[in-house]
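Colleague: let me see the structure of the following:
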Amino acid sequence: MHAALMDTLHDPTVRDLAWVIGAPGLLDAAAYAGRVVDDAWCRTQLQACLPWLAELDTEPASLHDFIAARSTRRLGLYFESLIAFWLAHLPDTQLISKNLQAQDGSRTVGEYDFLFRDANADVCHWEVAVKFYLQATPLPEQRAFIGPGARDRLDLKLDRVFTHQLELSQTSAGRAALPPGIAPSKVQAFIKGYLFYPLRHSGEFSLPDTAVPGISGAHPCGWWMRHPVAALPQGSAESRWMILPRLHWLAPLHLDANESVMSNSEMCAAIDQHFAASSAALQLAELQQAAGHGWRETARGFVVHGAWPQPDLTARPPAGQT
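Modeller: Numbering: from 1, shown residues only. Alright, predicted model coming up:
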């Protein structure tokens with residue numbers, strides 16, 4: 001249903017909003033005993049939001065203005081802004097605060113990403129994140145997944161979320177920061193994104209046979225490979241390619257038929273040119289053309305520097321890094 005809905009939406013920001021609401025999460029909610037917002041709830045919310053999203057797609061100015069007022073080059077902040085817009089328009093939901101900091105004297109010890117009262121009158125504390133990790137070693141373990149900039153690791157991120165960020169209301173500083181009369185009764189992580197798996201030696205891509213503990217079986221995924229690249233793995237000889245700017249990493253890409261796209265060989269040349277001057281990883285979208293519907297993303301992947309994830313690639317991230 002989520003994929004079918006995405007085909008009906010045309011405005012890129014509205015499509016990102018729909019993706020934020022309804023895309024499968026990275027984590028298996030059952031494995032985290034209710035501490036993760038589950039996919040079933042997200043699907044229900046997306047279904048309820050269909051008329052609103054359709055209307056917004058026709059007249060997206062309010063969403064565009066909301067995002068423009070919080071303009072950022074950081075994907076994580078864009079993701080948070082989309083959530084804030086959604087919660088502010090969710091029926092019977094009261095947004096209490098966003099990014100509320102907790103202080104211990106002059107030191108900031110934590111922050112509530114979102115506090116809101118839901119339709120059941122529960123006070124919810126959400127810690128939110130959108131993450132992209134590559135399986136750097138063929139191990140069915142969370143620690144095998146590293147961020148494209150080699151500065152972030154899945155297991156470490158989750159450890160901080162569940163042992164520190166979600167525990168904020170249990171600390172004296174966290175309790176003191178809460179508005180009067182507010183005490184979270186539902187504390188959950190809202191984590192979405194993609195995991196990328198190495199291509200097989202044959203150049204084919206498929207998910208590993210062994211599941212990674214704690215990871216949802218429905219998580220969005222793609223492939224990754226190292227530079228230099230002789231050819232990209234594509235599902236059709238008619239496929240075309242585009243490099244995805246960071247703020248376009250959320251919803252699957254849709255382009256008009258007259259948009260400029262690249263052939264496999266043209267993309268490989270563009271990748272060579274990029275890595276001649278930079279070590280930053282590139283995320284690519286494979287596109288196929290459907291009659292009357294322009295270009296639609298069918299797969300995505302990362303191309304990383306040949307030395308990734310060596311320490312010399314762990315310098316300060318380029319502008320816009322999550």
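
Colleague: was I right to think residue 76 contacts residue 132?
Modeller: No. Using C-beta atoms under 8 Å, residue 76 is not in contact with residue 132, being 10.7 Å away. (Each C-beta comes from the backbone N, C-alpha and C, glycine too.)

Colleague: between these two, which is the more surrounded one?
Modeller: residue 132 (24 against 14; other C-beta atoms under 10 Å).

Colleague: quick one, strands of this protein?
Modeller: Using DSSP state E, the strands of the chain run over 94-104, 107-117, 123-135, 145-146, 186-198, 221-226, 240-243, 254-255, 282-290, 294-304.

Colleague: could you dump these into CSV with mean pLDDT and distance to residue 18 added?
Modeller: Output for the strands of the chain, formatted as CSV (pLDDT from 0 to 100; distance: least, C-beta to C-beta, whole Å):
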stretch, mean pLDDT, distance to residue 18
strand 94-104, 96, 19
strand 107-117, 96, 19
strand 123-135, 98, 14
strand 145-146, 97, 26
strand 186-198, 97, 12
strand 221-226, 96, 19
strand 240-243, 98, 20
strand 254-255, 94, 12
strand 282-290, 95, 17
strand 294-304, 96, 14
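
Colleague: right, and these - which one's nearest residue 20?
Modeller: strand 186-198 (6.9 Å; C-beta to C-beta).

Colleague: mind checking how far the biggest helix by length in the chain is from the chain centre?
Modeller: For the chain, the helix with the greatest residue count under DSSP state H is helix 39-58. The chain centroid and the centroid of helix 39-58 are separated by 18 Å, computed with C-alpha atoms, centre = their mean, to the nearest Å.

Colleague: same thing with stretch 247-257?
Modeller: The answer for stretch 247-257 is 13 Å, by C-alpha atoms, centre = their mean.

Colleague: tell me how far the ends of it are from each other?
Modeller: 22 Å (C-alpha to C-alpha, to the nearest Å).

Colleague: residues in contact with it?
Modeller: With contact meaning C-beta atoms under 8 Å, 6 or more residues apart in numbering, stretch 247-257 is reached by 6-7, 10, 12, 15-16, 18-20, 23, 73, 75, 78-79, 130, 132, 194, 242, 244, 261, 283, 285, 287, 289, 293-297, 300, 320.

Colleague: for stretch 79-95, same thing?
Modeller: Under C-beta under 8 Å, 6+ apart, the answer for stretch 79-95 is 13, 16-17, 20-21, 45, 48-49, 52, 63, 66-67, 70, 72, 98-99, 113-119, 126, 128-130, 190, 192, 250.

Colleague: could you rerun that using 7 Å?
Modeller: With contacts defined as C-beta atoms under 7 Å, 6 or more residues apart in numbering, stretch 79-95 is touched by 16-17, 20-21, 52, 63, 66-67, 70, 98, 113-114, 116-119, 128, 130.

Colleague: need the CA coordinates for stretch 155-171. PDB is fine.
Modeller: Coordinates of each C-alpha in stretch 155-171 appear next as PDB, following Å, rounded to 0.1, in the frame of the first residue of the first chain:
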ATOM      1  CA  ASP A 155      25.100  -0.900  17.400                       C
ATOM      2  CA  LEU A 156      26.600   2.200  19.000                       C
ATOM      3  CA  LYS A 157      23.800   4.400  17.800                       C
ATOM      4  CA  LEU A 158      21.200   2.000  19.200                       C
ATOM      5  CA  ASP A 159      23.000   1.600  22.500                       C
ATOM      6  CA  ARG A 160      22.900   5.400  22.900                       C
ATOM      7  CA  VAL A 161      19.300   5.600  22.000                       C
ATOM      8  CA  PHE A 162      18.100   2.900  24.400                       C
ATOM      9  CA  THR A 163      20.400   3.300  27.300                       C
ATOM     10  CA  HIS A 164      20.700   7.100  27.300                       C
ATOM     11  CA  GLN A 165      18.300   9.100  25.200                       C
ATOM     12  CA  LEU A 166      15.100   7.100  26.000                       C
ATOM     13  CA  GLU A 167      16.100   7.100  29.700                       C
ATOM     14  CA  LEU A 168      16.200  10.900  30.100                       C
ATOM     15  CA  SER A 169      12.900  11.100  31.900                       C
ATOM     16  CA  GLN A 170      14.200   8.700  34.500                       C
ATOM     17  CA  THR A 171      17.000  11.200  35.500                       C
END
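
Colleague: any of the contacts of stretch 79-95 buried? List them.
Modeller: Neighbour counting with 16 or more other C-beta atoms under 10 Å marks 16-17, 20-21, 63, 66-67, 98, 113-114, 116-117, 128, 130 as buried within those.

Colleague: and the buried ones among the contacts of stretch 247-257, selectable in PyMOL?
Modeller: To isolate the buried members of those in PyMOL, using 16+ other C-beta under 10 Å:
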select buried, resi 6+12+15+16+18+19+20+23+75+78+79+130+132+194+242+244+261+283+285+287+289+294+295+296+297+300
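
Colleague: which residues does residue 96 contact?
Modeller: Here residue 96 is in contact with 115-117, 179, 182 (C-beta under 7 Å, 6+ apart).
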